[in-house]
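>>> Quick check, what structure comes out for this input:
(one chain, ligands or ions: 1)
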Amino acid sequence: MVCGVLGLKTLRDMRGYLEFLDEIGWLKRITVEASPILEIPEVLRRIMYRRGPALLFENVKGFPGWRIAGNLFCHIDVFRKSLGVERLEDVGRRLISLALSPPPMGVVDKIRAFKDMMSLSRYLPKKVGSTPIFENILEGDKASLNNLPVFKTWPGDGGRYFTYPLVITRDPDKETYNMGVYRVMILDDRRGVIHWQIHKRSAESYRKAGESGLERIPVAILIGGDPATLFTGAAPVPYPMDKYLFAGIVRGESLPVVELGSGLMVPAYGEAVLEGYIDVSETAYEGPFGDHMGYYDKPMDKYPIFHLECIYMRSDPIYYGSVVGKPALEDAVIGKAVERIFLPIIQMMFPEVVEINLPEHGVFQGLAIVSIKKRYPGHAKKVMMGLWGLGQFSLTKMIVVVDHDINPHDINQVIWAVSVNVDPQRDVLIIPGTHTDALDPATPIQGYGSKLGIDATRKYPEEYGGKEWPREVEVDEDTKRLVDEKWSLYGLDQGS
Ligand SMILES: Cc1cc2nc3c(=O)[nH]c(=O)nc-3n(C[C@H](O)[C@H](O)[C@H](O)COP(=O)(O)O)c2cc1C
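Numbering: from 1, shown residues only. Now for the predicted structure:
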């Protein structure tokens with residue numbers, strides 16, 4: 001099916017994406033033998049520090065039959081093109097238009113509402129009967145996590161890690177699906193530890209399962225998929241929206257899914273699916289792991305154990321892993337895509353928000369710069385507190401708020417606003433005793449620290465001792481016109 005303004009076909013799977021990358025010159029094939037243990041991760045990092053391209057390793061040491069893809073999110077424009085949209089914000093708007101249709105009041109409205117329902121159904125997951133994933137089914141002794149070409153990314157890592165697994169769970173209350181990218185450390189042939197942090201959606205389903213007396217929950221881990229599905233795993237989709245529905249909205253059409261023996265539905269066109277379960281009362285230590293903060297995580301923590309029962313995989317499977325470390329690597333591009341797609345959704349809740357920048361080197365949850373159309377005293381702090389109350393935005397350590405005419409993506413403009421508009425005693429907000437990203441190396445207690453807000457907006461008299469804010473310098477129109485007209489006479493544009 002042809003979809004999207006760019007007239008692209010919706011990509012069905014990772015192979016389709018690799019072909020697309022090849023066509024546009026963003027894929028490099030590597031034929032020399034290379035190992036997933038430290039070597040391939042280091043190559044991926046070096047190439048990502050050069051901003052791509054994506055790589056396909058065709059000769060994987062120790063894992064015959066497998067190929068490995070990496071740096072699939074090498075550039076935000078490449079990802080955008082793969083979705084067939086002119087702007088990533090259009091994806092967020094697609095979601096809003098589905099959610100915000102006014103209720104039908106008359107006949108015309110009812111017809112329109114019917115059309116809206118039809119457009120929603122266009123994005124609902126669609127069950128298919130067969131899929132190439134069922135080409136090989138490995139059970140019993142043949143199913144081993146150790147036989148998969150899983151990376152060891154840093155020398156001090158506690159083991160080999162799935163670094164871009166799509167971990168699939170079903171919410172016990174709402175029956176909606178979650179699909180999250182949470183690293184999984186291999187313990188042995190049949191067990192891995194899933195690092196879903198306490199604030200994440202699957203951790204919530206796991207908690208609910210325990211509370212409702214369930215002893216086991218079925219879990220599937222998907223390797224590979226089309227770019228929209230891969231992205232959805234890392235996207236902070238508000239609970240309880242179904243992640244398969246969200247994937248359909250990002251794809252621009254329904255996500256095909258297939259049913260496993262456990263009854264879980266999984267995306268049909270991955271490269272491999274690991275089927276298993278979690279025993280709700282069981283946890284194990286995981287780590288250390290060299291994370292996207294640029295440090296090994298401190299200290300090792302306990303997380304649920306995934307028990308592998310069966311592996312389904314294509315005959316010529318392609319493994320996909322991401323590599324994190326000091327920025328800016330692949331996860332920074334994914335963070336930027338989140339920033340763009342979720343901007344319209346944030347603006348729906350906070351109409352005063354004009355732009356947001358989550359700088360790549362701010363490791364996504366370290367720093368947010370937000371510009372607002374300020375309308376009243378205290379407005380900047382209202383926005384900070386609102387954002388800190390919002391889903392995964394609540395993990396953001398520092399928020400800087402600037403006026404609408406400052407471009408948050410121009411760091412020099414932001415430095416100017418912070419330097420000249422801020423009186424630290426009045427404009428710096430430190431909130432002690434807040435939850436934080438568990439990976440933050442700076443907090444004295446893991447997951448518990450503080451927040452910093454900087455109000456770099458111009459101040460109203462109420463915020464400025466009753467005085468008017470100073471007038472900004474600006475050239476007058478006559479002088480501007482005079483200098484424009486005489487510009488060539490000054491001889492300043494000629495080569496020296
Ligand atoms: C490469 C990569 C690795 C990630 N690893 C983890 C992880 O180990 N644990 C975690 O909680 N979140 C991790 N994340 C972030 C989650 O994928 C993200 O918060 C997502 O929203 C989680 O899904 P959920 O909102 O459905 O819980 C990772 C993201 C990326 C891009």
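>>> who does the helix or strand that contains residue 222 touch, helix- and strand-wise?
Using DSSP states H and E, residue 222 falls within strand 216-223. The contact analysis (3 or more Cβ pairs under 8 Å, 6 or more residues apart in numbering; DSSP states H and E) places strand 216-223 against strand 166-170, helix 201-211, strand 265-267, strand 272-286. C-beta here means a position set from N, CA and C on the backbone, and glycine is covered the same way.
>>> quick check: angle from the second one to strand 216-223?
Looking back up the chat, that one is helix 201-211. 160 degrees (axes from the mean of the first three to the mean of the last three Cα atoms, to 10 degrees).
>>> cool, and the longest one?
Strand 272-286 and strand 216-223 meet at an angle of 120 degrees, taking the same axes, to 10 degrees as the criterion.
>>> Does strand 272-286 reach the ligand?
No: using Cβ under 6 Å from any ligand atom, strand 272-286 stays clear of the ligand, with a minimum separation of 9.1 Å.
>>> got the CA coordinates for that strand in PDB?
Below are the C-alpha coordinates for strand 272-286, written out as PDB (Å, rounded to 0.1, in the frame of the first residue of the first chain):
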ATOM      1  CA  ALA A 272      12.800 -13.600  15.600                       C
ATOM      2  CA  VAL A 273      10.500 -14.000  18.600                       C
ATOM      3  CA  LEU A 274      11.500 -15.400  21.900                       C
ATOM      4  CA  GLU A 275       8.400 -16.700  23.700                       C
ATOM      5  CA  GLY A 276       8.400 -17.200  27.500                       C
ATOM      6  CA  TYR A 277       7.200 -16.000  30.800                       C
ATOM      7  CA  ILE A 278       8.100 -14.200  34.000                       C
ATOM      8  CA  ASP A 279       7.500 -15.700  37.400                       C
ATOM      9  CA  VAL A 280       6.100 -12.700  39.300                       C
ATOM     10  CA  SER A 281       7.900 -13.500  42.600                       C
ATOM     11  CA  GLU A 282      11.300 -14.000  41.100                       C
ATOM     12  CA  THR A 283      14.100 -11.400  40.500                       C
ATOM     13  CA  ALA A 284      17.800 -11.400  39.900                       C
ATOM     14  CA  TYR A 285      20.700  -8.900  39.800                       C
ATOM     15  CA  GLU A 286      21.600  -7.400  36.500                       C
END
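>>> Contact partners for residue 427?
Residues near residue 427 by Cβ atoms under 8 Å, 6 or more residues apart in numbering: 421, 454, 455, 456.
>>> Now for these, which sits with the most neighbours around it?
residue 455 (26 neighbours; other Cβ atoms under 10 Å).
>>> I figured that one hits residue 429, correct?
Yes: taking Cβ atoms under 8 Å as the definition, residue 455 is a contact partner of residue 429 at 7.3 Å.
>>> which residues do the two both contact?
With Cβ under 8 Å, 6+ apart, residue 455 and residue 429 have common neighbours 381, 384.
>>> re earlier: which two among the contacts of residue 427 are spaced furthest apart?
Using Cβ to Cβ, the contacts of residue 427 span at most 9.4 Å, a distance reached by 421 and 454.
>>> Can you give me the domain boundaries for this structure?
Domain assignment for the chain by automatic domain parsing gives 80-320, 350-463.
>>> follow-up on the earlier one: redo the helices and strands packed on strand 216-223 as CSV? Include mean neighbour count and mean pLDDT.
Output for the helices and strands packed on strand 216-223, formatted as CSV (neighbours: other Cβ atoms under 10 Å; pLDDT from 0 to 100):
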stretch, mean neighbour count, mean pLDDT
strand 166-170, 26, 97
helix 201-211, 19, 93
strand 265-267, 25, 98
strand 272-286, 19, 96
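>>> Figure out which of those is closest to residue 32.
strand 272-286 (24.3 Å).
>>> That closest one: partners in the sheet, and parallel or antiparallel?
Looking at strand 272-286 with DSSP bridges, its partner strands are strand 216-223 (antiparallel), strand 301-313 (antiparallel).
>>> Give me whichever of these is most buried.
Mean neighbour count, computed with mean count of other Cβ atoms under 10 Å, is highest for strand 216-223 among these, reaching a mean of 22.
>>> Show me what it is in contact with.
148, 162, 165-170, 172, 179, 184, 194, 205-206, 209, 260, 262-264, 266-267, 270-280, 306, 317, 319-320.
>>> and that strand with the ligand, contact?
No: Strand 216-223 is not in contact with the ligand by Cβ under 6 Å from any ligand atom; minimum separation 12.6 Å.
>>> any idea of the angle that strand forms with strand 166-170?
When the same axes, to 10 degrees is applied, the directions of strand 216-223 and strand 166-170 differ by 150 degrees.
>>> Which strands or helices does the helix or strand that comes right after strand 216-223 pack on?
Using DSSP H and E, the helix or strand that follows strand 216-223 in sequence is helix 227-234. If you count contacts as 3+ Cβ pairs under 8 Å, 6+ apart, helix 227-234 packs onto helix 76-83, strand 166-170, strand 177-181, helix 243-251, helix 330-349.
>>> Apply 10 Å and report the result again.
helix 14-23, helix 76-83, strand 166-170, strand 177-181, strand 216-223, helix 243-251, strand 265-267, helix 330-349 (3 or more Cβ pairs under 10 Å, 6 or more residues apart in numbering; DSSP states H and E).
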